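Trainee: Give me coordinates for this.
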Amino acid sequence: MQETVATAAQTQQWAFILSQLLDWVMAGLAWIVPFQSRVFSTILQGNSFWALAGASILLVLPAAVFVAGIWGTMVALYTIPFRLGRSVTLMQSVALAWWDALRMVWFYWAGLVKFLIVLVGWVWGLLKLSVQMVWGTLKGAVTSPLAMLDATSRRPGVPWPAFFLLLVWSAVEATIFTFTLRPTMSELLADLTGYEVNGFALVLILWIFLAIIIAGSFACIHVLNEAVKAKQTGNIIFMILVEIAVAMFEVLFLYRELVDAMTPWLAQQGIQLGVFGTIGLAFFGWVGVRGMTWFLFGRFGAPALIGLLGRQAFAVEGSASHASTPLPDYWKGPISALKAEREWFRKEARELFELVSLPVLQVVAAGLNFLFVVFTGRPHFTLPFKSIDDVLASTHFPARVSGEVAR
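Mentor: Numbers count the residues shown, from 1 in each chain. Alright, predicted model coming up:
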């Protein structure tokens, strides 16, 4: 009976001791809960979105590390009686954890400043690059045709600008004379056939006919010019007769119509043109137009037109020595440069990822070190991280710490 009473008294005594010990521990830790609530409520107060966002970015993680340090320190202090012989190492680990936490908070703020500076530099560089690209595009749109024409002019071959100008001029002149001759040709064909000719078919056929005649007149001038250079008397006489016939046809049927259109205005000015005056003025106009267009582009475009129609190579003296001259490359260069910059983009993306990740991960690791101090007696992460590779390597739990825990 006495043994039972003694056992019950001893049990009550141990229950009282454990209850007092638990109350002592809870009293030592209970103040942290309202304290951390006060800390975070103070940080997360803001009158505007930007103030709240700025406070969250700058202070939430440091405050979380500070609170984690308080929890870890208090719990570690309560484990000192169970770490006989290792209390000095534990206190050293707690001090080192606080030192790492303070350093990582400072590095976190410095990393934010560095990231903002680099971000401003990147934004400024992107703006400059965008302006340069827009300016280069506009400049290229203006200068590329000129550069291509310059390259074409420096490299012997087909004078494409003169060739296309000859075609355009023949089309323009044929269009003008089509509308000039359309009433006359419509009346003529109506008299010959006895019925009204379709207007669209007449315009189309007349335009093709006149375009061939006008382009042929340039070809006749070119053949006459070549005959004069070669001093071929027979060809010279023959081409002069052909050119006279061409001139008479164009003057009588084309340019005369233009002069007739001006006759009412000349009559109002008191000028009366007879047959010879009308034909002479029309011939003068034909010579002026042909001479101007011939010396501008006809003498270069007519040989190309004849060579194209006859499927003959357009050779220029001395072209063999310049046959290997490369034309400007407007597309392969930028594409090759873009491919070459792929590695640079990858490097910059990695640097951006490190600038954003390392400050945050270092602060988180500093907070987790307090947890490792409580369980293992020493920090796990070696701070600061120098690169993202250090973060990847630090995820492995050292075997020696596992051995110590087992012991």
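
Trainee: residue ranges with poor pLDDT in the stretch 1-150 of the chain?
Mentor: For the stretch 1-150 of the chain, applying pLDDT under 70 flags the ranges 1-28, 46, 83-85, 143-150.

Trainee: where exactly do the helices run in it?
Mentor: 2-30, 32-43, 49-55, 61-78, 87-154 (DSSP state H, counting those that start in this stretch).

Trainee: Buried ones in the following helix or strand past the last one, by neighbour count?
Mentor: The first helix or strand that comes after helix 87-154 along the chain, using DSSP states H and E, is helix 160-193. Judged by neighbour count (16 or more other CB atoms under 10 Å), helix 160-193 contains these buried residues: 161-163, 165-166, 169-170, 173-174, 177-178, 180-181, 185-186. Using the backbone N, CA and C atoms, a C-beta is placed for each residue, glycine as well.

Trainee: This structure - how does it break down into domains?
Mentor: Using automatic domain parsing, the domain parsing of the chain gives 2-133+358-380, 156-319.

Trainee: Would you format these as TSV with distance to Ala141 included?
Mentor: TSV is the format used below for the domains of the chain (distance: least, CB to CB, whole Å):
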stretch	distance to Ala141
domain 2-133+358-380	12
domain 156-319	18
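
Trainee: still on that earlier bit, tell me the one of the buried residues of helix 160-193 nearest Ile271?
Mentor: If you rank the buried residues of helix 160-193 by distance to Ile271 using CB to CB, Thr180 comes first, at 21.0 Å.

Trainee: how much space between the closest one and Gly69?
Mentor: For Thr180, the distance to Gly69 equals 99 Å [CB to CB, to the nearest Å].

Trainee: repeat for Phe375
Mentor: 15 Å.

Trainee: Pick out whichever of these two has more residues nearby.
Mentor: Per other CB atoms under 10 Å, whichever of Phe375 and Gly69 has more neighbours is Gly69, with 21 against 14.

Trainee: ok now do the more buried one, which residues does it touch?
Mentor: Applying CB atoms under 8 Å, 6 or more residues apart in numbering to Gly69 gives the contacts Ala97, Trp98, Ala101, Gly367, Phe370.

Trainee: swap the cut-off to 7 Å and go again
Mentor: Ala97, Trp98, Ala101, Phe370 (CB atoms under 7 Å, 6 or more residues apart in numbering).

Trainee: Then Glu354?
Mentor: Ser387, Ile388.

Trainee: try 6 Å this time
Mentor: For Glu354, the contact set (CB atoms under 6 Å, 6 or more residues apart in numbering) comprises Ile388.

Trainee: The host helix or strand of it: what's the following helix or strand?
Mentor: Take DSSP H and E as the rule and Glu354 turns out to sit in helix 342-376. Next helix or strand after helix 342-376 toward the C-terminus (DSSP H and E): helix 388-393.

Trainee: Redo the helices of the stretch 1-150 of the chain as JSON lines? Include distance to Pro359.
Mentor: As requested, those are arranged in JSON lines below (distance: least, CB to CB, whole Å):
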{"stretch": "helix 2-30", "distance to Pro359": "30"}
{"stretch": "helix 32-43", "distance to Pro359": "18"}
{"stretch": "helix 49-55", "distance to Pro359": "16"}
{"stretch": "helix 61-78", "distance to Pro359": "9"}
{"stretch": "helix 87-154", "distance to Pro359": "3"}
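
Trainee: Kindly compare burial across those and name the winner.
Mentor: Ranked by average neighbour count under the criterion mean count of other CB atoms under 10 Å, those are headed by helix 61-78 at a mean of 19.

Trainee: what inclination does it have with respect to helix 87-154?
Mentor: 160 degrees (axes from the mean of the first three to the mean of the last three CA atoms, to 10 degrees).

Trainee: what's the angle between helix 61-78 and helix 32-43?
Mentor: 170 degrees.

Trainee: And helix 61-78, how far out from the chain middle?
Mentor: Averaging C-alpha coordinates over helix 61-78 and over its chain gives two centres that are 50 Å apart (CA atoms, centre = their mean, to the nearest Å).

Trainee: Equivalent analysis for stretch 70-80, please.
Mentor: 57 Å.

Trainee: With Leu126 as the reference, measure out to the most centrally placed residue in the chain.
Mentor: With distances taken as CA atoms, centre = their mean, Met133 lies nearest the centre of the chain, 7.0 Å away. Going from Met133 to Leu126 by CB to CB gives 10 Å.

Trainee: re earlier: out of the helices of the stretch 1-150 of the chain, flag the one nearest Met248.
Mentor: Using CB to CB, the helices of the stretch 1-150 of the chain put helix 87-154 closest to Met248, at 36.9 Å.

Trainee: Could you figure out how far the helix or strand hosting Cys220 is turned away from helix 160-193?
Mentor: Under the criterion of DSSP H and E, Cys220 resides in helix 199-230. In terms of direction (the same axes, to 10 degrees), helix 199-230 departs from helix 160-193 by 130 degrees.

Trainee: Thank you, goodbye.
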